[in-house]
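# Quick one, fold the following:
(one chain, ligands or ions: 2)
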Amino acid sequence: MDFFNRRDGELYAEEVPVSRIVAQYDSPCYIYSRATLERHFRAYDQALGDLPHRICYAVKANGNLAVLNVLARLGAGFDIVSGGELERVIRAGGDPGNTVFSGVGKQRWELERALEAGVYCFNVESEAELELLNTVAGEQGRRAPVSLRVNPDVDAGTHPYISTGLRDNKFGIDINRARDVYGHAASLAHLDIIGVDCHIGSQLTETEPFLDALERVLVLVDSLAEDGITLHHLDMGGGLGVPYRDETPPSPQAYGEALRERLGARNLELILEPGRSIAANAGIMVTRVQSLKPGEARSFAIVDAAMNDLIRPSLYDAWQGIESVVDNSLAETAVYDVVGPVCETGDFLGKDRELAIQPGDLLAVRSAGAYGFVMSSNYNARNRPPEILVDGDHVYLARRRETLEEQMAPELPLPELDS
Ligand SMILES: Cc1ncc(COP(=O)(O)O)c(C=O)c1O
Ligand SMILES: N[C@@H](CCCC[NH3+])C(=O)O
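Residues are numbered from 1 along each chain as shown. Ligands and ions are numbered 1, 2, ... in the order given. All right, here's what the predicted structure looks like:
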């Protein structure tokens, strides 16, 4: 069941007509469904069943505090990639002790803060990071729990910008060198080796690349055991895709069960770091048609949201569904490029979309709950949109619309310039 569903020609978010939310909070805005977030999280949790596991939601996909709070209440762990994300988890009531810290360029202050906060594990991506973490832990009189993020060199079959598990990618430690690096890590005084980690990419629509990676990582786990290094957990990262259009990725259930089967009776806790598959289809972005610009070659629907609000179409040529919030029987159907007001030709939300719309109508951009608001910016001095969480028939303002004043606030008073 889709918690964003149409009733009598109108789109609802759970029990609330989307048009009513926009009447209150204006457009553009993001709207999230609590029930969908919960259903997606539970699907993972149930698929892994009695296998010891942690579902560490990838905060980068959608770091809204209300979203994090919803997941924290379900017992989710978190996957963070920055000191900022750590503070968001803490502010939202998440447990640092159930949080893994990923990221290819962690800075000293971030390692210091995460150690103080007591994160569950550092997913270390390089030898330089290993040394720095050992030093910082020594300074604090603590031991840092680590896993190495290995790069298993498998082709995730996804967009090149979001593939991470190939040798050519900047991420992780080459799996062929990992045994040596573990050996070195074991010699460092202030580290506890507790696991191994990999993440091969995002928006994967097949199970095979994950299982290939798992197989390679398990070979490593076995050779480490021969070296006397026993791991407590195996972290397969995130990456499970979602249906944006006609993709048919495995469900979290099917994926979870496939992993579980391969792991068999091994005494390893399984960690997953899903982001998109929990948040993407738990959100929409709503925008209003400002004007229609029919043309010989192309016709444009100019809307009040732009690439600064939702950059995926511009950045990856990503396709996201666009539909009228309320059916308009007075409008004629035509094919439009749905574009924003930003001064870039690449500023579009969708191309060649058949829509029956008039100026003033609302459009919903689907699957916008992940990598939507979090990637928004102030480009063209536009205020970032509000985020709204719907829970049954309750509507919560989860983050208010930014103001021009807030946008300018961090800037210093004008300096006294010479002449
Ligand atoms: C280390 C790591 N974990 C988890 C994720 C979440 O990925 P996804 O949103 O595809 O599930 C990412 C992003 O690709 C990542 O880089
Ligand atoms: N931002 C990307 C995903 C990046 C995954 C982060 N490692 C997207 O929107 O598809």
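# ok, the residue of the stretch 1-150 of the chain found nearest ligand 2 - contacts?
In the stretch 1-150 of the chain, the residue that lies nearest ligand 2 is Lys60 (5.8 Å; C-beta to the nearest ligand atom). Glycine gets a C-beta too; all of them are placed from N, C-alpha and C. Contacts for Lys60 (C-beta atoms under 8 Å, 6 or more residues apart in numbering) come out as 79, 81, 85, 275, 371, 374.
# Kindly list the longest helix within the chain.
The helix spanning the most residues in the chain, taking DSSP state H as the definition, is helix 208-226.
# ok, back up a step: in strands, which of the contacts of Lys60 fall?
Counted as lying in strands by DSSP state E, out of the contacts of Lys60, are Asp79.
# which of the contacts of Lys60 has the most neighbours?
Asp79 (32 neighbours; other C-beta atoms under 10 Å).
# Enumerate every residue touching that one.
Going by C-beta under 8 Å, 6+ apart, Asp79 touches 56-60, 99-100, 102, 238, 273, 275.
# do Leu268 as well
Residues counted as contacts of Leu268 (C-beta under 8 Å, 6+ apart) are 52, 221, 231-234.
# OK, now which residue of this structure is nearest to ligand 2?
Tyr371 (3.1 Å).
# Would you mind measuring from that residue to Ala58?
10 Å (C-beta to C-beta, to the nearest Å).
# shared neighbours, the two?
The contact lists of Tyr371 and Ala58 share 275-276, where a contact means C-beta under 8 Å, 6+ apart.
# show me what contacts Asn134?
Listed by C-beta under 8 Å, 6+ apart, the contact set of Asn134 reads 144, 188-191.
# Could you do Thr36 as well?
Listed by C-beta under 8 Å, 6+ apart, the contact partners of Thr36 are 3-4, 281-282, 369.
# Go through these and name the one nearest ligand 1.
For ligand 1, the nearest member of the contacts of Thr36 is Gly369. The distance, counting by C-beta to the nearest ligand atom, is 10.9 Å.
# so how many other residues sit close to that closest one?
Neighbour tally, Gly369, other C-beta under 10 Å: 30.
# Ok, Thr287 next?
Look at Thr287: counted by other C-beta under 10 Å, it has 28 neighbours.
# Please identify the helix or strand for it.
Element membership of Thr287 [criterion: DSSP states H and E] is strand 283-293.
# tell me which strands and helices that strand is in contact with?
If you count contacts as 3 or more C-beta pairs under 8 Å, 6 or more residues apart in numbering; DSSP states H and E, strand 283-293 packs onto helix 18-25, strand 29-33, strand 300-303, strand 362-365.
# follow-up on the earlier one: what's the distance between the residue of the chain closest to ligand 2 and Asp153?
25 Å.
# again, but for Gly49
To Asp153, Gly49 is 31 Å away according to C-beta to C-beta.
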